[in-house]
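Undergrad: Take a look and give me a structure for this.
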Amino acid sequence: MMKKRVSIFTAAVLCFVISYSVITPVRAAVDQTYDQLRLLVDVMGLIRESYVEPKENKELLLGAINGMVRSLDPFSQFMEPDTYKEMKTETEGQFGGLGIRISIKSDWLTIITPIPGTPAYRIGLLPEDRIVKIEGTSTAGISINDAVKKLRGTPGTKVTISVAREGEKEPIDYTITREIIKIETIKAKMLSDGVGYIKLTEFNANTERDLSKALSSLKKQKMESLVLDLRNNPGGLLDIAVDVCKEFIGDGKLIVYTQGRRPESRRNYTSSGPAPHKDLPMVVLVNRGSASGSEIVAGALQDLKRALIVGTTTFGKGSVQSVFPFPDGNALRLTTAKYYTPSGRSIHRDEKTGAGGIIPDVVVEVPREVEAKLYMQSEEVFALGKKPKSSVEKKDVIEDAALQRAIELLKMREILMSLKDSK
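TA: Numbers count the residues shown, from 1 in each chain. Okay, the predicted model is just below:
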């Protein structure tokens, strides 16, 4: 009798899977034969019949899908309706939580970067910190989907995480109060001697507009050169990163291209028309927390010899995730291609060889403890006469070596240009 029930169940689910595969807009990445499908459905049937606790078809199917997607890479993700809605909210510039960008790296939940001005930023979390526990529960093997659910919550509530950090013998516990995270992607100020400074924290729907306004404002303040700070910028929307490049690169030049599995899947992203600031001398700051969109910008400006890149080698997140929504509210975020700089360099880091990321023209190494202090004091750059939110006292303020080197390089260029003009 059991075999009969399992067979009926198998046939019913097979009909569903096969009929769904006909109408779905996404072709399977592997050749799904009848036998492979039958094995999956037979396992589901046995679980339903014999597992110690009752399980519903939907629960088993979602578990199978999540397991399949998680086996691909750390960035592909099956999103149930609530998670998909949160993802869309993020790209629109406001969401609730701690203010961190996370990924899975070497099988551990890892912080790509904290977002400036957020609870995670103020408390001192750093890029490459590993979140090893959430509320006392190990994160070993956790998915991005589950991690997001645990870390986000009602504003005003608290969550405790344990962080493993390079150079620390024991994990550090942080209790953080959740807030509504409002993302201001552009902060700008004039530095000394005509040097403008723009910190670009990520690429969302408002970034290109805000960058254009910031550049115009700095020009009115007699800006003669620019430091574009992409440190700890985790990326965001590909099209917006390309639009940022168009401010500095014109004449139809290639900015980045993506290449999927099939040769015909290549897509070029180029500049269009004259760039408003194509002659503005520039230095771009990057570090290990610079990922994805920020690597596209740095790689293009470097390859086209439009700017000097200063800092440390970037994160190496150079893969393209396409989002495929389903009628029932679920969605699949799937890695479909990789980013390549104009010269053909792959941005994505190879976990086996370690190759990848953008290597700066001028390397300025920053120790972890120094980086932590710079995080805490960085808002002083934008204080504009107001009391900084930073907890670093004036006597403890340290020099930002990478920023100072960038300013020196811009001044050196001005000296060389003036010598050339005098001949």
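Undergrad: can you give me how far stretch 47-63 is from the chain middle?
TA: 35 Å (CA atoms, centre = their mean, to the nearest Å).
Undergrad: buried ones in it?
TA: Of all the residues in stretch 47-63, those buried under the rule 16 or more other CB atoms under 10 Å are 48, 60, 61. Heads up, the C-betas are built off the backbone N, CA and C, glycines and all.
Undergrad: Could you list which of these belong to helices?
TA: 48, 60, 61 (DSSP state H).
Undergrad: nearest spatial neighbour of the second one, skipping sequence neighbours?
TA: Pointing back at residue 60 there. Leaving aside its sequence neighbours, residue 60 sits nearest to residue 44 (CB to CB, 6 or more residues apart in numbering; 4.9 Å).
Undergrad: again, but for the last one
TA: When the adjacent residues along the chain are set aside, residue 61 lies closest to residue 44, with 7.3 Å between them (CB to CB, 6+ apart).
Undergrad: That neighbour: which element?
TA: helix 34-50 (DSSP states H and E).
Undergrad: Would you map the helices across this structure?
TA: 2-23, 34-50, 57-70, 81-91, 119-123, 144-151, 207-220, 238-246, 293-303, 368-377, 401-422.
Undergrad: how many neighbours does residue 253 have?
TA: The number of residues packed near residue 253 is 17, by other CB atoms under 10 Å.
Undergrad: Tell me the pLDDT of residue 63.
TA: Per-residue confidence (pLDDT) for residue 63: 89.
Undergrad: Sketch out the low-pLDDT regions of this protein for me.
TA: Counting by pLDDT under 70, the ranges of the chain that qualify are 1-33, 89-96, 372, 375-396, 415-423.
Undergrad: what about the longest strand in it?
TA: In terms of residue count, the longest strand belonging to the chain (DSSP state E) is strand 331-340.
Undergrad: Would you mind giving the domain segments of this protein?
TA: The chain breaks down by automatic domain parsing into domains covering 2-55, 81-92+94-182, 186-324+336-422.
Undergrad: Throw the ones you listed into CSV and include distance to residue 75, thanks.
TA: Listed next are the domains of the chain as CSV, based on distance: least, CB to CB, whole Å:
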stretch, distance to residue 75
domain 2-55, 15
domain 81-92+94-182, 7
domain 186-324+336-422, 6
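Undergrad: looking at it, residue 73 is touching residue 319, isn't it?
TA: Yes. Shown here, residue 73 and residue 319 form a contact pair, counting by CB atoms under 8 Å, at 7.1 Å.
Undergrad: returning to what we had before: starting at the chain centroid, how far to the longest strand of the chain?
TA: That offset, for strand 331-340, works out to 13 Å (CA atoms, centre = their mean).
Undergrad: swap in stretch 56-73?
TA: Worked out by CA atoms, centre = their mean, stretch 56-73 lies 24 Å from the chain centre.
Undergrad: Just the C-alphas of it, formatted as CSV.
TA: Coordinates of each C-alpha in stretch 56-73 appear next as CSV, following Å, rounded to 0.1, in the frame of the first residue of the first chain:
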residue,chain,number,x,y,z
GLU,A,56,4.1,19.3,3.9
ASN,A,57,4.9,19.1,0.2
LYS,A,58,5.6,22.9,0.0
GLU,A,59,8.1,22.7,2.9
LEU,A,60,9.9,19.8,1.3
LEU,A,61,10.0,21.4,-2.1
LEU,A,62,11.3,24.8,-0.8
GLY,A,63,14.0,22.9,1.2
ALA,A,64,15.1,21.1,-2.0
ILE,A,65,15.2,24.3,-4.0
ASN,A,66,17.2,26.1,-1.3
GLY,A,67,19.7,23.3,-1.0
MET,A,68,20.1,23.2,-4.8
VAL,A,69,20.7,26.9,-5.1
ARG,A,70,23.0,27.1,-2.1
SER,A,71,25.3,24.5,-3.7
LEU,A,72,26.0,26.8,-6.6
ASP,A,73,27.8,29.8,-5.0
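Undergrad: outside of that stretch, which residues touch it?
TA: Residues outside stretch 56-73 that contact it (CB atoms under 8 Å, 6 or more residues apart in numbering): 13, 40, 44, 47-48, 76-78, 80, 143, 145, 319, 332, 334-335.
Undergrad: who wins for neighbours among these?
TA: Busiest of the contacts of stretch 56-73 [other CB under 10 Å] is residue 77, holding 25 neighbours.
Undergrad: Kindly state the beta-bridge partners for that one.
TA: In this entry, residue 77 is beta-bridged to residue 333, by DSSP bridges.
Undergrad: That one reaches residue 144, doesn't it?
TA: Yes. With contact defined as CB under 8 Å, residue 77 counts as touching residue 144 (5.5 Å).
Undergrad: how near is residue 254 to residue 180?
TA: In this view, residue 254 and residue 180 are 39 Å apart by CB to CB, to the nearest Å.
Undergrad: neighbour-wise, which of these two wins?
TA: Higher neighbour count among residue 254 and residue 180: residue 254, with 17 against 11, using other CB under 10 Å.
Undergrad: between the helices of the chain, which gets nearest to residue 283?
TA: Judged by CB to CB, the one of the helices of the chain that comes nearest to residue 283 is helix 401-422, at 4.0 Å.
Undergrad: now residue 293: how far from residue 176?
TA: Distance from residue 293 to residue 176, by CB to CB: 26 Å.
Undergrad: Can you pick out the residue with more neighbours from these two?
TA: The neighbour comparison of residue 293 against residue 176 (other CB under 10 Å) goes to residue 293, with 29 against 21.
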